[in-house]
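# What shape does this take:
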Amino acid sequence: MSSKDWIWMPHPGHFICASDCRFRLNTYVNGYIVSTVGEMFPDAPVREILAKCKKITLRGQGDERKYDYMKKVGYEEVGFGRKYETMVFKAVKSEEKCCPWKIDVETELECDGYNDPESATLGHYKRCKEYDKKK
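Below is the predicted model:
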């Protein structure tokens, strides 16, 4: 298999809060799914709770309040000490036309953590290349 045979899928492959993540890479490679998520920005009620727990006073309303949160807090961690993570799972056939493969949730094989988007992107590609070579 070569990178031209990889299937790039338009949704995150793992993480229960992935809908709150702005960074998502999800790739089928040679019988495996390499999924990377990050830049978690929770919805407004959760941001309010987190700000209160951190003793941060948010200013403004609407977009102004979102920007204040980003300035004072930034993206939330997706796991301990990491704002991005890549996980690798075995792939199973899916019934979805847009994404013919999905993760087998019981087969987590690898997990890498990062704290910037460049490292997360490079880490995703690295895992894709590694699993592309597996027999």
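
# can you map out the helices along this structure?
Taking DSSP state H, the helices of the chain run over residues 44-53, 62-72, 117-132.

# Mind putting those into CSV with mean pLDDT and mean neighbour count?
Yep, even glycine has a C-beta here, placed from its N, CA and C like the rest. Listed next are the helices of the chain as CSV, based on pLDDT from 0 to 100; neighbours: other CB atoms under 10 Å:
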stretch, mean pLDDT, mean neighbour count
helix 44-53, 96, 13
helix 62-72, 97, 13
helix 117-132, 97, 18
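
# count of neighbours near residue 10?
Number of residues near residue 10 (other CB atoms under 10 Å) recorded here: 8.

# surely it meets residue 96?
No: the pair residue 10 / residue 96 is not scored as a contact, 10.3 Å apart, by CB atoms under 8 Å.

# so what's the residue nearest in space to the middle of the chain up against?
Geometric centre of the chain, nearest residue: residue 37, 0.8 Å, by CA atoms, centre = their mean. With contact taken as CB atoms under 8 Å, 6 or more residues apart in numbering, residue 37 is in contact with 12, 14-15, 18, 21, 23-24, 78, 84-85.
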